[in-house]
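Colleague: give me the fold of what follows.
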Amino acid sequence: DILVGALFEYARAGVEGGDEIPLRAAREGLTHLVESSAGPAPAMAHYGIAYSTYYLEQDVRTCAEHLTTAISILEGGRRLGELSLTYNGLGACLQELFDLAGAERALQSALQLAREMADDSRCSIITGNLCTLFSQLGRYDEAIEAGQRSIRFGHRALNQPGMLNSYLN
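Modeller: Purely as a prediction, here's the structure:
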């Protein structure tokens with residue numbers, strides 16, 4: 001778990017710094033962990049592969065496959081934060097793949113988990129994503145409500161780094 005977390009943070013640093021070298025290195029490390037694992041690989045290794053693949057190649061289908069694998073590993077466990085994060089990522093991927101019904105199911109699952117944990121920051125991010133999905137579906141009343149909920153959750157959160165997105169939605 002520590003190595004997976006470190007490699008994921010290395011990938012994030014590559015994205016935030018605009019440097020593909022750490023991003024590629026992190027993906028290679030995570031892929032090696034998955035391939036060499038005697039049993040099921042850590043779910044967040046699959047999440048990290050999906051994350052780095054998205055930013056390196058925009059291969060959304062491969063990302064969705066890794067996120068689905070991560071969800072199957074996490075389901076029924078106690079890592080609700082990781083499960084919510086992964087469902088949110090899957091929802092975003094499915095939206096890009098135009099599986100809008102699947103995207104809505106994934107985002108609603110992510111939101112339910114975030115609400116169970118009382119994570120207002122994550123609820124804000126997820127309802128913001130629902131806002132864009134509902135807009136894409138032409139369900140504008142629901143989009144407006146989701147956008148307003150995103151702002152309300154964001155104001156209650158101790159830290160919501162994506163608050164600007166809530167207002168833009």
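Colleague: identify the residue nearest the geometric centre of the protein.
Modeller: Residue closest to the mean C-alpha point of the chain, counted by C-alpha atoms, centre = their mean, is Gly89 at 2.7 Å.
Colleague: just the element for the spatially closest residue to that residue that is not a sequence neighbour, please.
Modeller: Closest residue to Gly89 apart from its sequence neighbours, by C-beta to C-beta, 6 or more residues apart in numbering: Leu67 at 5.2 Å. Every residue, glycine included, has its C-beta placed from N, CA and C. Using DSSP states H and E, Leu67 sits within helix 60-74.
Colleague: that helix packs against which elements?
Modeller: Contacts defined by 3 or more C-beta pairs under 8 Å, 6 or more residues apart in numbering; DSSP states H and E place helix 60-74 against helix 43-57, helix 80-96.
Colleague: out of the helices and strands in the chain, which is least certain?
Modeller: helix 163-168 (a mean of 91; mean pLDDT, DSSP states H and E).
Colleague: out of the helices and strands packed on helix 60-74, nearest to Thr127?
Modeller: helix 80-96 (10.6 Å; C-beta to C-beta).
Colleague: now stretch 138-157: average pLDDT?
Modeller: In this model, stretch 138-157 carries a mean pLDDT of 97.
Colleague: could you list the buried residues of that stretch?
Modeller: Neighbour counts over stretch 138-157 (16 or more other C-beta atoms under 10 Å) mark Ala143, Ala146, Gly147, Arg149, Ser150, Ile151, Phe153, Gly154, Ala157 as buried.
Colleague: if anything else comes up later, I'll come back, but that's it for now.
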